[in-house]
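[1] Quick one, structure for this:
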Amino acid sequence: MSVEVVSPPKYLVAIVGGAVAGSEATRILTDHGVGVAVFEQNARPYGKIEDGLPRWHDKQKPKEYEKINAPLHHPLVHFVPSTKIGRDLSFADLKDWGFNYILLANGAWRDRPLEIEGIDDSIGKGFYYQNPFIYWFNHSTDRDFRGPSCEVCEDAMVIGGGLASIDVAKILMIETISQALGKKGIVIDPIEIEHKSCKKVLEENGLTLEKLGVTPCTLYYRRRACDMPVASFKPGASEEEKKKTQQTREHLLNIATEKYLFRFQGNSLPLDKIVENGRLVGLRFIKTEIKDDRVIKLPNTEFTVRSPLTISSIGSVPEPIEGIPMKGEFYTWKNWDLGELDSHHNVFGLGNVVTGKGNIVVSRKHGQKVAEYLIHEKLKITPPLTPDQYKKVLEKIQARQKIVGYDGDFSSWMKKAVPHEP
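    Purely as a prediction, here's the structure:
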């Protein structure tokens with residue numbers, strides 16, 4: 001429904017992050033007459049839709065962009081681009097501005113560290129993390145791309161187990177096959193290879209990986225194929241339903257390996273690095289088994305794999321922000337279901353920053369759930385802002401907008417906004 005703004009809203013909520021979860025919460029709050037200030041770290045509010053989804057999602061991305069854009073056009077929304085909390089504006093200052101609630105929809109932008117001592121010394125020297133690697137793949141063909149480049153080579157290793165790790169393996173296969181075909185005078189765009197599949201492109205040209213001379217990459221996972229989080233258990237799932245989901249996971253992985261020709265090796269946990277002449281050239285692994293959903297290392301099963309390139313794709317975690325307490329890799333949530341922050345009564349988390357899942361549907365549903373909880377439970381017992389309080393907050397918002405050159409016209413801003421660089 002549309003709300004005509006004829007007077008200041010009674011409530012004003014700050015949302016940190018304007019992508020999937022943040023825009024969904026914005027839609028629900030504004031539909032109920034709540035004012036929203038969206039603080040977006042980049043010029044564009046698309047988050048990992050833009051930088052986390054590989055560029056072959058050329059049909060899905062515009063649809064997701066529009067879903068994000070639509071709520072941000074609402075007259076009750078104050079968009080504040082190019083403003084990263086913890087860098088351009090401290091969390092403490094944001095708390096002091098006077099919002100009724102703050103919703104953290106800032107996602108999980110930091111790669112979960114690969115737990116091998118000193119491995120990060122090899123970044124750019126035979127080793128990458130997933131996020132910069134996919135960013136490079138997405139933007140390396142941009143005319144004005146100035147970001148760091150990544151190398152691609154055959155016989156690479158991917159460490160992971162989720163959908164993103166499959167995407168990384170696909171990129172490696174698509175790029176190495178495209179390069180090898182180019183040497184034979186067969187020019188095929190990598191995106192066309194993804195759409196058709198590596199297997200079909202080779203068949204159409206009377207080739208196999210062996211004939212092309214390409215050694216496939218291998219995805220190593222510490223658990224079994226049936227444990228890969230490429231399909232989720234339903235809430236309250238029975239043992240039979242869980243078994244079917246596990247079969248679905250194996251089926252999805254088999255489809256991916258068949259179409260894109262990468263290899264998979266489960267029950268393999270990396271232990272240590274192999275470095276020669278300052279470059280990572282392999283890893284030492286140990287075999288595992290799964291007992292009661294725990295990963296158990298099997299004694300005397302160590303093995304070594306040499307590879308010219310390793311990419312870690314073991315998930316993403318929130319970036320630390322001064323003033324927001326953390327326990328391990330995540331913020332300390334009092335209520336994980338509703339994303340209520342333990343140390344601040346009026347701060348909640350939305351989407352991937354809470355769930356840890358880079359899943360569009362899951363993030364959107366979580367943003368909806370928290371926003372509806374605020375509408376139907378929290379705002380009922382929250383004192384509204386006085387007109388003077390609202391005016392003071394709005395002045396701070398507009399001052400920040402002026403600093404970044406935003407004039408309040410979302411459509412005109414988006415026409416000139418460009419993708420960010422890492």
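[2] For stretch 106-114, buried residues please.
    Within stretch 106-114, the residues that qualify as buried are 106-109, 111-112, 114, counting by 16 or more other CB atoms under 10 Å. From N, CA and C alone the C-beta is placed, and that goes for glycine too.
[3] same thing with stretch 404-415?
    By 16+ other CB under 10 Å, the buried positions in stretch 404-415 come out as 406, 410, 413-414.
[4] Could I get the residues you listed in TSV, plus columns for distance to Arg224?
    Rendered in TSV, the data for the buried residues of stretch 404-415 read as follows (distance: CB to CB, whole Å):
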residue	distance to Arg224
Tyr406	49
Phe410	47
Trp413	48
Met414	44
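[5] and which of those is nearest to Ser197?
    Of all the buried residues of stretch 404-415, Met414 has the smallest distance to Ser197: 34.2 Å, by CB to CB.
[6] how much space between the closest one and Gly17?
    Summarising the geometry, the distance separating Met414 from Gly17, computed by CB to CB, to the nearest Å, is 17 Å.
[7] thinking again about what came up before, just curious, which of the buried residues of stretch 106-114 is nearest to Val361?
    Set against Val361, the nearest of these by CB to CB is Gly107 (15.1 Å).
[8] give me phi/psi at the closest one?
    Main-chain torsions, Gly107, degrees, to the nearest 10: phi 70, psi -160.
[9] Name the nearest residue to it, ignoring sequence neighbours.
    With CB to CB, 6 or more residues apart in numbering as the criterion, Gly107 has its nearest non-adjacent residue at 4.7 Å, and that residue is Asn352.
[10] quick one: the one you found and Leu104 touch, right?
    No - in this structure, Asn352 is not within contact of Leu104 by CB atoms under 8 Å, at 10.5 Å.
[11] On the pLDDT front, check the residue nearest to Thr176 when sequence neighbours are not counted for me.
    Nearest non-adjacent residue to Thr176, counting by CB to CB, 6+ apart: Glu154, 4.6 Å away. Per-residue pLDDT puts Glu154 at 97.
[12] could you measure the residue nearest to Glu204 when sequence neighbours are not counted against Asn205, distance?
    Spatial nearest neighbour of Glu204, excluding adjacent residues (CB to CB, 6+ apart): Lys196 at 7.8 Å. Between Lys196 and Asn205 the computed distance is 11 Å (CB to CB).
[13] Same check on Arg44?
    Taken as CB to CB, the spacing of Arg44 relative to Asn205 amounts to 38 Å.
[14] Neighbour count: those two, which is higher?
    Counted by other CB atoms under 10 Å, Arg44 and Asn205 do not tie: Arg44 has more neighbours, with 22 against 14.
[15] Now do the SS call for the more buried one.
    The three-state assignment at Arg44 reads coil, by DSSP: H, G, I helix; E, B strand; the rest coil.
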